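# Predicted model, plus sequence, below.
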Amino acid sequence: MELKNNNIVVVGLARTGASVARFLCRSGAKVTVSDSKGRETLAKFVDALQGLPIEFEFGRHGEETFRSADLIVVSPGVPMDIAPLKLAASCGIPIISEIELAASFIDAPLAAITGTNGKTTTTTLAGEIFTGCGFSTFVGGNIGKPLIDLVTSGERVQRVVAEISSFQLEGIVNFHPKVAVLLNLTEDHLDRYSSFQEYIDAKLRIFANQTSEDFAVLNIDDPLVAGCSGSTAARIVPMSRLSVLEEGIFCRDNVITFKMDGRVERFPTEAFKLRGVHNIDNCMAALATALLMGCDAAKARAVVENFTGLPHRMELVSTVNGVPYYNDSKGTNVGSVVKSLESFPGNIILIAGGKDKGGEYTPLAGLVKERVKALVLLGEAKDRIRSALGHLTETVTVGSLEEAVREAQRLARPGDVVLFSPACSSYDMFRNYEERGDCFAAAVRALEERDR
């Protein structure tokens, strides 16, 4: 990809945009950063680019800026259908995402992991396995560091593991993972996509450039994922927690078994520190990725057995008066909450709500009726959730997360479980799901202090 002396527009600043702009400057490009937000809002990212020859355009996207570009690189948070990008496309100007730019400069084998839920845990665990098996590894993409940071650093690695979002996949052209993983497909981001199918189509782009020399790991327990096998030329590696497979990776009687081309590896799950049915899927996906890309099974097993998971994902905060409190703030959509509810047999006090993302809450109905003792709802979506589910169990609405925790304690008895799994994004009340999860944990600890 020729960059030197080309006019390149980076759309959207924030973390990814700043990393892209820095790389492009170092490559000799003429860089303009365009963002609809004001300069004050983005001050920390502007400060990080001080001293670099970058033109900034804040509070608008100028038509001439886009019309005169040789290449446009779009950050993940920017929709591809905004008017300036449509104008540029009509002029024949190439429009790509950051992962497309980065991947064109990466020569290490790349594993790309997508799906509605479980991406971050699977990506992190796969990276840990590669490292534990002796491969120098970069882990990033939609988590942690943007892929372009690897290119900018000049570091040489042997494996790359990337979490990939549907937003990032909208702007790929030649992005080509050796192993592509599709974990699941449930309604999400319908505040950005016009339909569920449009969201699915974006996800499936992860397979677009794979060949018969590559691998596609598909969770066939999800009927939508199972139906995607025709979307790739890669060799399909099926994954199942519900069925025994002749070839692929599956779990039966607390043992994960990997079978490919006569190779058979087994991983008993009793020693795993990760809990929850969804984490069996995540472990299988990470193991399949690692084994397909050259990892030793015994070393991989040791890594998985010692992996404790990530903050804000079914994280046990504390047990107060015989009631455990779980922080699942990363449960930002209904599909994620389904998996979290399935991890407990019943007596759940479920705290949910936040910024509505446009999906339906009715898929939770069966589990709420069967396993949820009470619903505590907050945020912008509380009335929609109450309308969909409130008739199935005792339901209360509150004005803050601290109040929700106190209300959950009032409702809970020893033997119950308090689960904070919002089914919504955090942006109505918090900067991100991490801040929201920290707030929940602080509220739980306040209960401990009060009850001492």
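All right, it came through fine.

# So the closest residue in space to Gly358 that isn't next to it in sequence: helix, strand or coil?
Spatially, and ignoring its direct neighbours in sequence, Gly358 is nearest to Leu190 (3.4 Å; CB to CB, 6 or more residues apart in numbering). Every residue, glycine included, has its C-beta placed from N, CA and C. Under DSSP: H, G, I helix; E, B strand; the rest coil, the three-state class of Leu190 is coil.

# Need the nearest residue in space to Cys133, chain neighbours excluded.
Nearest residue to Cys133, sequence neighbours excluded (CB to CB, 6+ apart): Cys295, at 4.2 Å.

# So which bits of stretch 5-15 are buried?
Under the neighbour-count criterion of 16 or more other CB atoms under 10 Å, stretch 5-15 has Asn6, Asn7, Ile8, Val9, Val10, Val11, Gly12, Leu13, Ala14, Arg15 buried.

# Restricted to helices, list those residues.
Judged by DSSP state H, helices contain the following of those: Ala14, Arg15.

# and this protein, what are its domains?
Annotated domains of the chain cover 7-93, 100-306, 315-451 [automatic domain parsing].

# Tell me which of the buried residues of stretch 5-15 fall in strands.
Asn7, Ile8, Val9, Val10, Val11 (DSSP state E).

# residue contacts, the first one?
Okay, so that is Asn7. Listed by CB atoms under 8 Å, 6 or more residues apart in numbering, the contact set of Asn7 reads Ala29, Lys30, Thr32, Ser68, Ala69, Asp70, Leu71.

# isn't Ala271 right up against Glu305?
Yes. Look at Ala271 against Glu305 with CB atoms under 8 Å: they come within range, at 4.6 Å.

# Name the nearest residue to the residue positioned nearest the centre of the chain, ignoring sequence neighbours.
When CA atoms, centre = their mean is applied to the chain, the residue found nearest the centroid is Lys119 (4.5 Å). With CB to CB, 6+ apart as the criterion, Lys119 has its nearest non-adjacent residue at 4.6 Å, and that residue is Glu163.

# Kindly tell me how buried the one you found is, as a neighbour count.
25 (other CB atoms under 10 Å).

# Gly379 too?
27.

# how near is it to Val398?
Gly379 sits 9 Å away from Val398, going by CB to CB, to the nearest Å.

# what does Ser36 give?
Counting by CB to CB, the gap from Ser36 to Val398 is 34 Å.

# if you go through the stretch 1-150 of the chain in chain order, where are the helices?
14-26, 43-48, 63-67, 83-90, 98-103, 119-132, 147-153 (DSSP state H, counting those that start in this stretch).

# sec struct for Glu434, please.
Glu434, by the three-state scheme (three-state DSSP), is helix.

# Hmm, it is touching Thr332, no?
No. Between Glu434 and Thr332 there is no contact under CB under 8 Å: 11.6 Å.

# Met260: which of the helices of the stretch 1-150 of the chain is closest?
helix 119-132 (16.3 Å; CB to CB).

# Can you say which of the contacts of Asn7 are buried?
Ala29, Lys30, Thr32, Ala69, Leu71.

# how many neighbours does Ser104 have?
16.

# Can you give me the separation between it and Ile96?
9 Å.

# about what we covered before: of Ser36 and Val398, which one has the most company?
Between Ser36 and Val398, counted using other CB under 10 Å, Val398 has the larger neighbour count: 19 against 15.

# Look up how far Gly51 lies from the residue nearest to Lys119.
Taken as CB to CB, the span from Glu163 to Gly51 is 31 Å.

# How about Arg156?
Arg156 is 27 Å from Gly51, by CB to CB.

# picking up where we left off before, output the ones in strands among the buried residues of stretch 5-15 in a markdown table; the columns should cover distance to Ser229 and pLDDT.
Output for these, formatted as a markdown table (distance: CB to CB, whole Å; pLDDT from 0 to 100):
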| residue | distance to Ser229 | pLDDT |
| --- | --- | --- |
| Asn7 | 42 | 98 |
| Ile8 | 37 | 98 |
| Val9 | 38 | 98 |
| Val10 | 36 | 98 |
| Val11 | 34 | 98 |
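
# can you redo those as a markdown table with distance to Leu85?
Formatted as a markdown table, those follow (distance: CB to CB, whole Å):
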| residue | distance to Leu85 |
| --- | --- |
| Asn7 | 16 |
| Ile8 | 14 |
| Val9 | 10 |
| Val10 | 13 |
| Val11 | 7 |
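
# just curious, which of the residues you listed is nearest to Ala404?
Nearest to Ala404 among those, with distances taken as CB to CB, is Val11, at 37.4 Å.

# contacting residues for that closest one?
Contact analysis of Val11 by CB under 8 Å, 6+ apart lists Gly17, Ser34, Asp35, His61, Ile72, Val73, Val74, Ser75, Val78, Pro84, Leu85.

# Recalculate using a threshold of 6 Å.
Shown in contact with Val11 (CB atoms under 6 Å, 6 or more residues apart in numbering): Ser34, Val74, Val78.

# Asp149 and Ala18 touch, don't they?
No. Asp149 is beyond contact range of Ala18, at 10.3 Å (criterion: CB atoms under 6 Å).

# The two: who's more crowded?
Counted by other CB under 10 Å, Asp149 and Ala18 do not tie: Ala18 has more neighbours, with 25 against 19.
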